[in-house]
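[1] mind folding the following:
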Amino acid sequence: MKRSKIDDLLKSPEFGKPVCVKGWVRTRRGNKQVAFIALNDGSTIHSIQVVVDLPQFDEEYLKGITTGACICVNGMLVESLGQGQSAEIQAKEIEIYGKADPATYPLQKKGHSLEFLREIAYLRPRTNTFGAVFRLRHHLAYAIHDYFNKQGFYYFHTPIITASDAEGAGSMFRATILDPENAPKTPEGKVDYSQDFFGRHTNLTVSGQLEGELGAMALGGIYTFGPTFRAENSNTPRHLAEFWMIEPEAAFLDINDNMDLAEDFLKYVISYAMEHGKDDIEFLNSMYDNELIERLNFVLNNKFIRLTYTEGVEILEKSGRKFEFPVHWGVDLQSEHERYLVEEHFRCPVIMTDYPKDIKSFYMKQNDDGKTVRGMDVLFPKIGEIIGGSERESDYDKLMNRVKELNMSLDGLWWYLDTRKFGTAPHAGFGLGFERLMLFITGMSNIRDVIPFPRTSKNADF
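    Now for the predicted structure:
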C-alpha cells in the first residue's frame, strides 16, 4: 500500500479507508488491552494516534515499539473519539523498521534544554521544536526563490572559493592544500602561495556580492542564495562561522528602488511563511515566544519608515535614554539604538539611509556631501538590523579613490573595478543573512538553533 503523509491525513480525513503511515514513535501509552502510539513522520508538527488492539498482535514483537522507534502501520483511518485530534488509525499490521533502546535513546518523553539538543544535533530534528524550525526554513527558502523568480531576477551562482574580500574585514577562512607544518616559503620567509592549488592566496567567501554585481550588469537582475563564511571568533547567540546569505543585485536601481525592493521582499517571504507554516509558527508562539505572531503582523501591517542616519542619531540624542553604547554622529549604531527607533519611537519597521562613509564598505555610492554614502539598513523589532544594502558606486574614479583611501589591495579587485570602465550603470542591491531572518520568523533566541548543524568557534561537530 502506498504511504500517506500524516499531514495529508489530518488535513482532509477520509474516514473508513485503509491507509499506510510510516514514521517515528513519539510516545506509547495504554493498558493491557489497548496501546496508543503517537506517530510523527516530519510532515507536520502534529502526530497521529495509532490505536493498537493488543490481543491481535504478538506481545513480544510489540515490545520493540518504544519512543524513537521507526515503524510502518497499515490500518483503517477513523474519526477520533479523543480530544485534540480529528482522526486516528486503527492498526491492522505493524512492521518495526528500526528499534530505539530506551536505555540509550536520548530523546525520551521529558523536557530537553536547547543547549542539550545542540549536543545531539543529529537527532534534534525529531523534536517538535526543531521539526517546526526546519520546516519553516524550507518554506522561507522556497519563498525566496519564488519571490525573485516572479520579479524576473535570475538565480546566479557565485564562487565559494575567492581571492577577494568583499567586506574588507579580513576575517576569512583560508582555502589551501599546503602543508601547514612544511609550507613552501618565499625568499622573504613568507608562505609561497604560488605553489598552492590555485597559485595564489584564496579564501572561503564572505559574500557573493561583488560577483553578483557582474551578473546584474549583464542579466539585469540576479540574486545569490548560498553559504558564506566568517572566521570571527565571536561566541555569541548571533554569530555563526558558516551561514547562508541572500543577495539580490539589479542594474538601473537607485537607493529608493532598493528600499522598495527590500520592503516588498520581506513582506512577501514573511506572509508566505505565515501561510504555509501556520501550525509551526503557532507552536513556536505558544512554546517559546508568545509575541511572535504579533511581531510578524507588526511588520506586515506597517509601512516601513524611511529616514537618514543623521535624522536617526538626532532622535536618539534627544530621546533622553541612557544607552549602553553612547550615540553620536559617526558611530556605527548598535542593536539597542536600532530597536529603540523601531519599537519605541516610530513603532514600525525602519529603513535608515545615508550613513557616514567611514563606517560603511568601499563600494557604496558616495553622496555629494563627501561625508555620507547611499547605504541602507532595514531595522526590525527585537533583532535590529536584518538587511544591509546600498546603491553601488558606479563611477570608476570615485571607486578607485576610495579603494586607495582604505589601502585595499587591487590584486583581487581589478576585475570589479573594470566593470566601471566598460558600460557602467547605476545599480543597487542588499544582503540578508538567512539565519537572521530565521531568528525573526521562529522567535528562537540563539542563531545556532535555526540551522541544522551550526558551525561556530571550537565547534564543527556532525
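[2] ok, and the closest non-adjacent residue to the residue in the chain sticking out farthest from the centre?
    Within the chain, the residue lying farthest from the chain centre (CA atoms, centre = their mean) is P55, at 49.0 Å. Nearest residue to P55 in three dimensions, chain neighbours excluded: Q33, at 7.1 Å (CB to CB, 6 or more residues apart in numbering). For every residue, glycine as well, the C-beta is placed using N, CA and C.
[3] I94 versus the one you found, what's the distance?
    Separation of Q33 from I94 (CB to CB, to the nearest Å) stands at 16 Å.
[4] what do you get for G389?
    55 Å.
[5] more neighbours: the two, which one.
    Neighbours per residue (other CB atoms under 10 Å) separate G389 from I94, with G389 holding more: 27 against 19.
[6] quick one, phi psi at the nearest residue to that one once chain neighbours are set aside?
    Of all residues beyond its chain neighbours, the one nearest G389 is F430 (2.5 Å), with distances taken as CB to CB, 6+ apart. Backbone torsions for F430, taken as degrees, to the nearest 10, come to phi -150, psi 170.
[7] how many other residues sit next to F430?
    By other CB under 10 Å, the residues close to F430 number 22.
[8] make 615 the first number, not 1, from now on.
    Renumbered: residue one is now 615, and that last one reads F1044.
[9] give me every residue that touches it.
    If a contact means CB atoms under 8 Å, 6 or more residues apart in numbering, then F1044 has 861-862, 872, 875-876, 990, 992, 1001-1004 as its contacts.
[10] how about E861?
    821-823, 826, 837-839, 1043-1046.
[11] partners of the helix or strand encompassing it in the sheet?
    Assignment of secondary structure by DSSP states H and E places E861 within strand 856-865. The sheet places strand 856-865 alongside strand 835-843 (antiparallel), strand 1041-1047 (antiparallel), with pairing taken from DSSP bridges.
[12] tell me which of these sits most buried.
    Stretch with highest mean neighbour count among the strands paired with strand 856-865: strand 1041-1047 (a mean of 24; mean count of other CB atoms under 10 Å).
[13] got the contact list for stretch 923-932?
    If you take CB under 8 Å, 6+ apart as the criterion, stretch 923-932 is touched by 937, 941-943, 947, 951, 954-955, 959, 964, 966-970, 986.
[14] let's see it at 10 Å
    921-922, 937, 940-947, 950-952, 954-955, 959-960, 964, 966-970, 973-974, 983, 985-987, 989-991, 993 (CB atoms under 10 Å, 6 or more residues apart in numbering).
[15] which parts of the stretch 715-864 of the chain are helices?
    Secondary structure of the stretch 715-864 of the chain by DSSP state H, counting those that start in this stretch: the helices cover 728-733, 742-764, 823-833.
[16] could those go into CSV alongside mean neighbour count and distance to Y1010?
    Shown next, in CSV, are the helices of the stretch 715-864 of the chain (neighbours: other CB atoms under 10 Å; distance: least, CB to CB, whole Å):
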stretch, mean neighbour count, distance to Y1010
helix 728-733, 15, 48
helix 742-764, 19, 29
helix 823-833, 21, 13
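[17] between these, which one is closest to V913.
    When these are compared by CB to CB, helix 742-764 sits nearest V913, at 13.9 Å.
[18] quick one: list the elements packing against the closest one.
    Other elements packing on helix 742-764 under the criterion 3 or more CB pairs under 10 Å, 6 or more residues apart in numbering; DSSP states H and E are helix 728-733, strand 768-769, strand 835-843, strand 856-865, helix 869-890, helix 892-901, helix 1048-1056.
[19] R1062: which of the ones you listed is closest?
    Closest approach to R1062 among the helices and strands packed on helix 742-764 (CB to CB): helix 728-733, 5.9 Å.
[20] helices and strands around that closest one, which ones?
    Using 3+ CB pairs under 10 Å, 6+ apart, the elements in contact with helix 728-733 are helix 742-764.
[21] take the contacts of F1044 and write them to JSON lines, including pLDDT and distance to G682.
    Formatted as JSON lines, the contacts of F1044 follow (pLDDT from 0 to 100; distance: CB to CB, whole Å):
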{"residue": "E861", "pLDDT": "98", "distance to G682": "40"}
{"residue": "P862", "pLDDT": "98", "distance to G682": "42"}
{"residue": "N872", "pLDDT": "98", "distance to G682": "49"}
{"residue": "L875", "pLDDT": "98", "distance to G682": "46"}
{"residue": "A876", "pLDDT": "98", "distance to G682": "43"}
{"residue": "M990", "pLDDT": "98", "distance to G682": "48"}
{"residue": "V992", "pLDDT": "98", "distance to G682": "42"}
{"residue": "I1001", "pLDDT": "97", "distance to G682": "40"}
{"residue": "G1002", "pLDDT": "97", "distance to G682": "43"}
{"residue": "G1003", "pLDDT": "97", "distance to G682": "45"}
{"residue": "S1004", "pLDDT": "98", "distance to G682": "50"}
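[22] most neighbours of all those, which one?
    P862 (29 neighbours).
[23] list the contacts for that one?
    By CB under 10 Å, 6+ apart, the neighbours of P862 are 758, 761-762, 765, 767, 770, 823, 826, 830, 835-839, 872, 875-876, 879, 1003, 1042-1046.
[24] try 6 Å this time
    837, 1043 (CB atoms under 6 Å, 6 or more residues apart in numbering).
[25] ok, now L1053?
    Counting by CB under 6 Å, 6+ apart, L1053 has contacts V1064.
[26] residues of stretch 698-718 that come out buried?
    699, 701-703, 705, 708, 710, 713-714 (16 or more other CB atoms under 10 Å).
[27] inside strands: which ones of those residues?
    In strands, defined here by DSSP state E, the members of those are 701-703, 705, 708, 710.
[28] which of those lies closest to E896?
    Nearest to E896 among these, counting by CB to CB, is A701 at 19.4 Å.
[29] distance of the residue nearest to the closest one when sequence neighbours are not counted from N915?
    Ranked by CB to CB, 6+ apart and with sequence neighbours excluded, the top spatial neighbour of A701 is P627, at 4.0 Å. Going from P627 to N915 by CB to CB gives 34 Å.
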